[in-house]
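# What would the 3D arrangement of this be:
(one chain, ligands or ions: 1)
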Amino acid sequence: MELSKALEWGTKYLHEHGIENAREGAEYLLLDLLNCSRSSLYLNHNISLSTKELFSFFCFIRERARYVPPQYVTGKTWFSSLPFIVNENVMIPRPETEILVETAIERLSTIDYRLPTILDIGTGCGNIAISLATSISCQVYALDVSCHALNVAKENAKELLDVDSVAFICKDILESEFKLPKNLDLVISNPPYVPHDDIKGLPREVREYEPHMALDGGKDGVKFYPSIVYLASGALSSGGYLALEVGIGQAEKVRKIIFENGSYQQIETVNDYAGIERVIIAKKK
Ligand SMILES: C[S@@+](CC[C@H](N)C(=O)[O-])C[C@H]1O[C@@H](n2cnc3c(N)ncnc32)[C@H](O)[C@@H]1O
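As a prediction, the model looks like this:
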């Protein structure tokens with residue numbers, strides 16, 4: 001079958017199964033499969049796909065038609081210009097989280113550090129920890145309550161890092177006897193922050209396939225912040241930073257939690273590209 005005919009078939013199949021932006025969706029899967037650019041897809045629209053390529057494309061399309069997110073279908077996504085392995089054990093990294101990483105790197109660069117020591121709480125596929133470790137010389141602890149998520153993060157570290165700059169910790173930060181490493185220069189986290197009752201209103205792809213453990217922020221969505229702020233206050237060195245991603249409308253609550261802890265100064269907010277307050281960064285006194 002010609003490439004253009006396969007694309008037409010895939011688009012129609014996805015459309016009939018109620019997938020929005022069916023054409024883009026089919027293209028995304030075909031581009032991944034053929035490992036080519038969009039322009040070469042159009043330049044080569046009349047080439048024939050091999051039986052193997054065609055079969056793989058049919059399988060991809062059928063999975064996507066069941067509302068499996070495209071990143072789980074292909075098994076990868078991009079974050080901070082790096083390719084990350086993802087599967088149903090980890091949340092798919094979102095572009096706004098790159099702002100969290102960029103903000104943290106910018107702050108660390110203003111301080112005359114030896115090798116900074118960083119803790120990423122709720123690392124998932126390791127996107128924050130690994131993109132930090134590829135951008136600056138540092139030692140990172142990547143922590144998650146899900147050992148399945150950590151296995152994905154370990155695979156990503158093996159693929160993307162030359163040196164052993166990331167160590168992995170499987171722990172629940174809500175456990176009372178939980179202790180963090182000491183003298184950290186940065187604690188960074190994108191914790192689960194979707195209010196519990198909002199999960200049922202999320203798009204089907206998210207609601208049915210992404211781990212609820214990575215989404216559910218409790219009744220008001222801010223369940224994790226008091227523990228993170230408290231734990232970080234004991235673990236950061238004086239002058240170290242706490243950097244947190246927050247959901248829409250949560251910034252004020254999180255700034256209050258940080259302020260009331262009493263251990264932080266210079267509590268600042270960074271907006272995302274849509275103008276939404278997205279990152280809160282504070283300095284340990
Ligand atoms: C919103 S996801 C963030 C994933 C990734 N860091 C990112 O930014 O794309 C939150 C992560 O927190 C982890 N998590 C949930 N509850 C936790 C807990 N009690 N202790 C530690 N990690 C937890 C989840 O498994 C999930 O990987």
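
# what does the helix or strand of the chain with the lowest mean pLDDT contact?
Averaged element by element with mean pLDDT, DSSP states H and E, the chain has its least confident helix or strand at helix 38-43 (a mean of 79). With contact meaning C-beta atoms under 8 Å, 6 or more residues apart in numbering, helix 38-43 is reached by Leu3, Leu7, Glu27, Leu30, Leu31, Leu34. C-beta coordinates here come from the backbone N, C-alpha and C atoms, glycine included.

# cutoff 6 Å now
With C-beta atoms under 6 Å, 6 or more residues apart in numbering as the test, helix 38-43 has no contacts from any other residue.

# So whichever strand or helix holds Ile130, near the ligand or not?
Element membership for Ile130 (DSSP states H and E) is helix 127-135. Yes: residues of helix 127-135 contacting the ligand under C-beta under 6 Å from any ligand atom: Asn127, Ile128.

# So which bits of that helix are buried?
Residues Asn127, Ile128, Ala129, Ile130, Ser131, Leu132, Ala133, Ser135 are the ones in helix 127-135 that count as buried (16 or more other C-beta atoms under 10 Å).

# picking that back up, tell me the buried residues in the least confident helix or strand of the chain?
Across helix 38-43, burial judged by 16+ other C-beta under 10 Å covers Leu41.

# any idea how far that helix is from the chain center?
Taking C-alpha atoms, centre = their mean, to the nearest Å, one finds the center of helix 38-43 at 29 Å from the center of the full chain.

# Present the buried residues of helix 127-135 as CSV; the columns should include pLDDT.
Listed next are the buried residues of helix 127-135 as CSV, based on pLDDT from 0 to 100:
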residue, pLDDT
Asn127, 98
Ile128, 98
Ala129, 98
Ile130, 98
Ser131, 97
Leu132, 97
Ala133, 96
Ser135, 94
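
# Please tabulate those in JSON lines, including the columns distance to Gly247.
Listed next are the buried residues of helix 127-135 as JSON lines, based on distance: C-beta to C-beta, whole Å:
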{"residue": "Asn127", "distance to Gly247": "18"}
{"residue": "Ile128", "distance to Gly247": "16"}
{"residue": "Ala129", "distance to Gly247": "21"}
{"residue": "Ile130", "distance to Gly247": "23"}
{"residue": "Ser131", "distance to Gly247": "21"}
{"residue": "Leu132", "distance to Gly247": "22"}
{"residue": "Ala133", "distance to Gly247": "26"}
{"residue": "Ser135", "distance to Gly247": "25"}
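
# Need the max-distance pair from these.
The span of the buried residues of helix 127-135, defined through C-beta to C-beta, is set by Asn127 and Ser135 at 12.2 Å.

# tell me which parts of the stretch 1-150 of the chain are close to the ligand?
Within reach of the ligand by C-beta under 6 Å from any ligand atom, the stretch 1-150 of the chain has these residues: Met91, Pro93, Thr97, Gly122, Thr123, Gly124, Asn127, Ile128, Asp144, Val145, Ser146, Ala149.
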